[in-house]
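In: All I have is the shape, not the residue letters:
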C-alpha cells in the first residue's frame with residue numbers, strides 16, 4: 001500500500017469526513033497506525049485539493065481541504 005493510501009486509511013479509522021484537523025493530529029493518527037512512516041514525511045499540504053507546493057505530486061491526491069496554516073478539513 002502506498003504512503004498516501006496509508007495516510008487516508010489511518011485517518012478514516014478515527015475521523016469522519018468533514019473533521020477539522022491540525023497537522024499534529026494528522027501526524028499522530030498516521031504514526032499510531034503506521035509507525036514505519038516517518039513523521040517528517042507526513043505533509044498534509046501535499047494532499048490538498050486547494051493548495052499546491054513544489055512537490056511534483058502536490059495536489060494530485062486529495063485527502064484534505066486546507067482551511068488555514070496547519071488546519072485541514074478531511075475530505
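Out: Alright, I've got the coordinates. All values derive from a computational prediction rather than experimental measurement. Residues are numbered from 1 along each chain as shown.
In: got the contact list for the residue nearest the centre of the chain?
Out: Centroid check for the chain by CA atoms, centre = their mean gives residue 44 as the closest residue, at 3.9 Å. By CB atoms under 8 Å, 6 or more residues apart in numbering, the residues touching residue 44 are 21, 23, 26, 63, 64, 66, 72. In this view, the C-beta of every residue, glycine as well, is placed from N, C-alpha and C.
In: pLDDT score assigned to it?
Out: Residue 44 carries a pLDDT value of 94.
In: Determine which two of the contacts of residue 44 are furthest apart.
Out: Farthest apart among the contacts of residue 44 by CB to CB are 23 and 63. That separation is 12.8 Å.
In: between those two, which one's more packed in?
Out: residue 63 (20 against 15; other CB atoms under 10 Å).
In: I figured that one hits residue 10, correct?
Out: No - using CB atoms under 8 Å as the test, residue 63 is too far from residue 10 to be in contact (10.4 Å).
In: Report the distance from stretch 37-51 to the chain centre.
Out: Relative to the centre of its chain, stretch 37-51 is centred 5 Å away, using CA atoms, centre = their mean, to the nearest Å.
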